[in-house]
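Chemist: need a structure here:
(chains A and B)
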Amino acid sequence: MTESMRSEDYQRRNETLAGWPVRIASYRIGETHYCHIDNVSPGATIARAKAASLEDAEREAIDKATERLKKTRRHD
Amino acid sequence: MQDYAHPETIVSTDWVAENKDNADVVVVEVDVDTGGYDEGHVPGALGWNWAEQLCDQVVRDILPKGEMERLLSSSGISNDTTVVLYGDNNNWFAAWAFWQMKIYGHEKVMIMNGGRSKWLEEGREISLEAPPTEPAEYSAAEADSSLRSFLPAVQEAVAGGEVDMVDVRSPEEYTGEILAPPGLPETCQRGGHVPGARSIPWGLACNEDGTFKSREALTELYSSRGISGERPVIAYCRIGERSSHTWFVLSCLLGFSGVTNYDGSWTEYGNLVGVEIERGE
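Modeler: Modelled structure (predicted):
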């Protein structure tokens, strides 16, 4: 029998990482916490992570996103 | 669904939840990163991978007719099936699939307003299992080229000035400050935009929760930037997926005719040799 699940504790906030605006969305499905980061105006996903706690999921996703965003060059 | 020009092309998350056992409806999550589908999806939804299942990666093209027929058949979709598409990145790739299904003549296809993020935000039921599917018979129409622009049409538009070019990328991509969305690989040699193109980022068509703005607000948005539906429009972005979102807004929600998606977009135009572009605002 398929277990019925829902996403819970969904939250979303805007921050700046490596000089770029990002939107950080977090939620929980069962015992797993997920974090998903996009780059707001373009709106593309740049990092996602899952972990046993909200803090760990966000930390991992933020680390990945920061690493990627640092590589973005501004051209004059 | 509000008073959109073609309300039959959009459904709410409520509608999808109420129709979860409707055998005439097939729901498909379309993602660029199918890790999202694997985390959990709308119960009964299939998962399509944009890069692997909705693009011809060898000739850089939409799916050939036969491949589209195979994809739909293997997904249990027949010509009469109502298909609801939703996905990550605010439905960009769902809009790409919608546009492509319209090219091949599928009549009953809809976008779930707000996409994957809205479903999650609302705390709705999700499933971790891919549903079983029974193959169906599918016969696609010949590709409708009136929904798509290729490079020659874009160059003609630039030279003639009788078609409105809409650049739906972020302002920083439009001006040439960056070559790709922050955090993504650069896929062109120079930054800027197609000469004469107006900057109307795709996201301006959406509310904070990813749903589309009202018809009135959308009309105001585009008309205030010179797009009123009286002239043909070519929408483009970087690889054609954000512009398929804008194509959906202009064609289906506002009912403009003569709107095409230039899916070659900036990765094609920005890399042309010997062709002038514009930079800045």
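Chemist: And the longest helix anywhere in chain B, what's buried?
Modeler: Taking DSSP state H as the criterion, chain B has its longest helix at helix B:88-103. Buried residues in helix B:88-103, defined by neighbour count with 16 or more other C-beta atoms under 10 Å in any protein chain shown: B:88-103. To be clear about C-beta, it is placed using only N, CA and C from the backbone, and glycine gets the same treatment.
Chemist: Now do the strands in the chain.
Modeler: Picking chain A for this. A:5-17, A:20-29, A:32-38, A:45-51 (DSSP state E).
Chemist: Can you look at chain B instead?
Modeler: For chain B, the strands defined by DSSP E cover B:10-11, B:25-31, B:46-49, B:82-87, B:109-112, B:125-126, B:164-167, B:198-199, B:233-236, B:259-261.
Chemist: what's the angle between the longest helix of chain B and strand A:45-51?
Modeler: Interaxial angle of helix B:88-103 relative to strand A:45-51 (axes from the mean of the first three to the mean of the last three C-alpha atoms, to 10 degrees): 120 degrees.
Chemist: Quick one: list the elements packing against helix B:88-103.
Modeler: Under the contact definition 3 or more C-beta pairs under 8 Å, 6 or more residues apart in numbering or on different chains; DSSP states H and E, helix B:88-103 sits against strand B:25-31, helix B:50-53, helix B:65-74, strand B:82-87, strand B:109-112, helix B:115-121, helix B:241-248.
Chemist: contact partners of the longest one?
Modeler: What that stands for is helix B:65-74. For helix B:65-74, contacts defined as C-beta atoms under 8 Å, 6 or more residues apart in numbering or on different chains pick out B:48, B:53-54, B:56, B:63, B:78, B:100-101, B:104, B:106, B:133, B:135-140, B:142-143.
Chemist: Got a ChimeraX select line for the buried ones in those?
Modeler: In ChimeraX, a selection of the buried entries from the contacts of helix B:65-74 looks like this (16+ other C-beta under 10 Å):
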select /B:48,53,54,63,100,101,104,106,136,138,140,143
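Chemist: Could you count how many residues lie near the closest residue to B:Gly161 other than its chain neighbours?
Modeler: Nearest in space to B:Gly161, with sequence neighbours left out and distances taken as C-beta to C-beta, 6 or more residues apart in numbering or on different chains, is B:Gly196 at 6.7 Å. Counted with other C-beta atoms under 10 Å in any protein chain shown, residues neighbouring B:Gly196 total 14.
Chemist: same thing with B:Glu52?
Modeler: 9.
Chemist: Just the pLDDT for the nearest residue to B:Pro64 once chain neighbours are set aside.
Modeler: Computed as C-beta to C-beta, 6+ apart, the closest residue to B:Pro64 that is not its neighbour in sequence is B:Asp56, at 6.4 Å. Looking at B:Asp56, its pLDDT reads 92.
Chemist: So what pairs up with B:Asp56 in the strands?
Modeler: B:Asp61 (DSSP bridges).
Chemist: For it, give me its contacts.
Modeler: Contacts for B:Asp56 were tallied using C-beta under 8 Å, 6+ apart; they are B:Ile62, B:Leu63, B:Pro64, B:Glu67.
Chemist: Low-confidence stretches in chain A?
Modeler: Scanning chain A for pLDDT under 70 picks out the ranges A:1-3.
Chemist: can you check chain B too?
Modeler: In chain B, residues with pLDDT under 70: B:1.
Chemist: care to break it down by domain?
Modeler: Here the domain assignment for chain B is B:7-143, B:146-269, based on automatic domain parsing.
Chemist: out of the contacts of B:Asp56, which are buried?
Modeler: Buried, going by 16+ other C-beta under 10 Å: B:Ile62, B:Leu63, B:Glu67, out of the contacts of B:Asp56.
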